[in-house]
Structures are given as structure tokens and as C-alpha cells.
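Novice: Next one to model:
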Amino acid sequence: MAMTQTQHADIVTFLTQTCQLVETAFIEEMTDHFVVSVEARLADSLSFEQALALTIDDFGGRKNIQKMEWTYRKVFLKSLVRDWWALVESQFAKAKRLRTMMVVGLVTFVSLYFGLMTDFTGVIERNVLWISVQWGGVIWVTMLTLFFLQRIAPRFKKVGVVRFPTLLRRLLSYLLWVGALLLYLGISTLEMPLLLKGFCYSGLWSAFAVLYLALLDYSMKTDPDSWYQTR
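Specialist: The predicted structure follows:
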């Protein structure tokens, strides 16, 4: 027996409000499992309330469903680096080669220009760069705090829900920037010919550009939205 839209909405409400689930992909997967189980029990002449209660028991109750969401996050974490690195390699495939060459070419030109004409640090002051690191860290720590608070204090969901994939992508973006910045500052302090320094800048920022392009592709492929509302 097929469920009504109201009954379907009751399942989603249970998962998002009672269980306080926030991961969209996991919510959709659990909703599908619940629908199949409840409809099978409705066909056995049980009421919707009875069918839903039995299905919840089958999954171990609210606490166990919340643990299942953390298992989903662990699996996602393991797959993120593998999938991201596959996209890094794909930046040199035929479909993306032109874009990659244009970006790397621009980065190479800018890097060689600053390496030959001036010390790059003199153009972009160290203070500005470190401020970007500090603010990037503040943003990520704020998101991490909201991520943990949203289950303890559901009212934070009125602002927006921070999901695990988004949190990891922000962290990876931040670590890429910090790593590139530290290497850049290390190169800038070395005593070497300006031409060689320019090539070092070029290699560093070209690698950063390719890695970041892959991360952008990964974000668009997995989940383009950072926030969503649960009502």
C-alpha cells in the first residue's frame, strides 16, 4: 500500500526533528528505507503509526540511527581524499586540459613576473597574508562549533545546518591555502636568483591552482550547497 504525502512527510520529520539528522544524502537514504519498510507493513493491514514504530525499532531507535549517521560520515571521510585525488588527475584529461593550461599559464606568467621584477612579499604584505590565514581559521572553527552545537541546540538550525561534507571541504580548502602560503614564505626567504625564485613561485602556485580546481569540481559534483533549512 502506497503512503500518502503526509505520511511521507512524517517520516522525514522524524528523521530530521526527532533524530536530529543533518546529512542530506543520509536522510534521503534512510527515508527510502523507511518508506519500503512502512509500505510493506501497511500491506499487512497495520496502521501507519504501528508500521512506523516497528520500523524505528528495526533500526534500533533514535540513538542508533544517530550512530548510523556518524558511520556515514566516516565512510564519506575515507572516500573524500580518494575521489578528490582522482579529480586532480582528471585535470589533465582531454575534457579539462584547456582550462587547466589556461589557469596554469596565467599563474606561471604572474609568478615569473613577480619573481623577476620584484620580491612577491613586497606586493602582498605578510600581514595581509597572515590575516587571511587567521580569518580562514576563524571561519572554519565557527563552522565546526555550529556543527557540534546544532544537535545539542536545534535552534541553531534556524540559521542554517552545517553538514559534514561542507565542513570537510572548507577544511581542505583552508589547509591547501595554509600549506601553499607557508611554502611561499619559505621560498621568499631563500637567497636565490630572481629567475629561479620565479620558477619556484610558478611551480608552487600552479600546483595549488590544480589542486584547488579539483576541489571546486569535487564540490560541484557532490553538493553545491553549503547550508539548507530543516523545517
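
Novice: Point me to the helix or strand that includes Ala53.
Specialist: Element membership for Ala53, per DSSP states H and E: helix 48-58.

Novice: May I see the buried residues of whatever helix or strand comes next after that helix?
Specialist: Next along the chain after helix 48-58, taking DSSP H and E as the criterion, comes helix 61-90. Counting neighbours by 16 or more other CB atoms under 10 Å, one finds that the buried residues in helix 61-90 are 65, 68-69, 72-73, 76, 80, 84, 87-88, 90. (Each C-beta comes from the backbone N, C-alpha and C, glycine too.)

Novice: And helix 61-90, what does it pack against?
Specialist: Packed against helix 61-90, as judged by 3 or more CB pairs under 8 Å, 6 or more residues apart in numbering; DSSP states H and E, are the following elements: helix 24-42, helix 164-188, helix 194-222.

Novice: and the angle from the shortest one to helix 48-58?
Specialist: Using axes from the mean of the first three to the mean of the last three CA atoms, to 10 degrees, the interaxial angle of helix 24-42 with respect to helix 48-58 works out to 120 degrees.

Novice: Can you give me the buried ones in the helix holding Ala53?
Specialist: 48, 51-52, 55-56.

Novice: any weak-confidence spans in the protein?
Specialist: Scanning the chain for pLDDT under 70 picks out 1, 111-127, 156-159, 222-231.

Novice: Could you rerun that using 80?
Specialist: Applying pLDDT under 80 to the chain flags the ranges 1-2, 107-130, 151-161, 188, 194-195, 197-198, 220-231.

Novice: Fine by me, we can end here.
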